[in-house]
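>>> Sequence isn't available, so here's the structure alone:
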């Protein structure tokens, strides 16, 4: 295990400080160890939940893919399946398959392996910069992030009931409207969720790293838009959930250590599965990415 990986494994947990120190540990977590050509190894935080956080394995897999692609080609989309729950107590091996190296596009497939079995698969496409037609949806009219309370301030009084919100995080997250654990007890239950996010510190000037941090953050709060519609919430109700698949499209360059609005909604839920879509807007209103995820959601 590398020194960076050892630091990440021991530090990115509930006992760590927040802000830049926490963000530096996330960066270290994403700095995979190369153990052979097209083969990389990553670790999980020492104090992790029962399963590896989906955003972590997605971010690490994208790092593995990006390490085999020229820097001038930017990732523009990824499609992933969560196959098995990851074991946070052992390293994850990422095997990269160099599917295609074309004149404009590069395609990579990554399989994450633990205990000899695939736990996650990802396909990612990279493209060299090209001019072309351009348009984008406008950002919703919402309060600015600096006018909103932090996640811990929002959750004050709920600690012990939704204890995972009192942990330091590498992502500064601020709800635009009442969070789902508040609307759960009211009659207003829109299948929509809006939060401002940013990396809680300063990131190095590596575009792939910023994309991987946004990928990490994209698995946070997305399925909340499904649960909010039905007045249930993690830890407060008997909800069993897991990400099933995840797709991201990156439209324009951005910095993940600057504010972006995560506007998510749920168009449907059925068969113990819920679908959620999300749009990411930079603070100046630029649409930077789009996400779609289906999750397993069992109310027991």
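Good, I have the coordinates. Computed from a predicted structure; not experimentally measured.

>>> Ends of stretch 132-139, what's the gap?
22 Å (CA to CA, to the nearest Å).

>>> Ok, stretch 211-230 next?
The stretch stretch 211-230 measures 32 Å between its terminal residues, going by CA to CA.

>>> With stretch 191-211 instead?
End-to-end distance (CA to CA), stretch 191-211: 27 Å.

>>> from the middle of its chain, how far away would that stretch be?
The chain centre lies 9 Å from the centre of stretch 191-211; the measure is CA atoms, centre = their mean, to the nearest Å.

>>> try stretch 67-76
Here stretch 67-76 shows a centroid-to-chain-centroid distance of 19 Å under the convention CA atoms, centre = their mean.

>>> ok, and what's touching that stretch?
32, 34, 38, 40, 62, 65-66, 96, 98, 105-106, 108, 124-129, 207-208, 211, 249-251, 253 (CB atoms under 8 Å, 6 or more residues apart in numbering). (Each C-beta comes from the backbone N, C-alpha and C, glycine too.)

>>> Inside helices: which ones of these?
Judged by DSSP state H, the contacts of stretch 67-76 include 62, 65, 66, 207, 208, 211 as members of helices.

>>> Need the buried ones from the contacts of stretch 67-76 selected in PyMOL.
If you want just the buried ones from the contacts of stretch 67-76 in PyMOL, going by 16 or more other CB atoms under 10 Å, the selection is:
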select buried, resi 32+38+40+62+65+66+96+106+108+124+125+126+207+208+211+249+250+251
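
>>> ok, now which ones touch residue 56?
By CB under 8 Å, 6+ apart, the contact set of residue 56 is 29, 44, 216.

>>> wait, isn't the second one in contact with residue 114?
To tie it back to what came earlier, the one meant is residue 44. No. At 10.1 Å, residue 44 does not count as touching residue 114 under the criterion of CB atoms under 8 Å.

>>> Now do the shared contacts for those two.
86, 92.

>>> okay, the two: which has more neighbours?
The neighbour comparison of residue 44 against residue 114 (other CB atoms under 10 Å) goes to residue 44, with 25 against 20.

>>> Spatially nearest residue to that one, not counting backbone neighbours?
In this structure, residue 44 finds its nearest non-sequential neighbour in residue 88, 3.8 Å apart by CB to CB, 6 or more residues apart in numbering.

>>> Can you classify the one you found by secondary structure?
coil (DSSP: H, G, I helix; E, B strand; the rest coil).

>>> Can you give the domain ranges for the chain?
1-130, 142-300 (automatic domain parsing).

>>> Tell me how far residue 112 lies from residue 171.
Counting by CB to CB, to the nearest Å, the separation of residue 112 from residue 171 is 22 Å.

>>> out of these two, which sits in the busier spot?
residue 112 (27 against 21).

>>> hey, where'd the strands end up in the stretch 1-150 of the chain?
33-36, 39-42, 73-82, 92-101, 105-114, 117-128 (DSSP state E, counting those that start in this stretch).

>>> Would you mind giving those as JSON lines with mean pLDDT and distance to residue 22 added?
Below are the strands of the stretch 1-150 of the chain laid out as JSON lines (pLDDT from 0 to 100; distance: least, CB to CB, whole Å):
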{"stretch": "strand 33-36", "mean pLDDT": "97", "distance to residue 22": "21"}
{"stretch": "strand 39-42", "mean pLDDT": "98", "distance to residue 22": "18"}
{"stretch": "strand 73-82", "mean pLDDT": "98", "distance to residue 22": "24"}
{"stretch": "strand 92-101", "mean pLDDT": "98", "distance to residue 22": "21"}
{"stretch": "strand 105-114", "mean pLDDT": "98", "distance to residue 22": "24"}
{"stretch": "strand 117-128", "mean pLDDT": "98", "distance to residue 22": "24"}
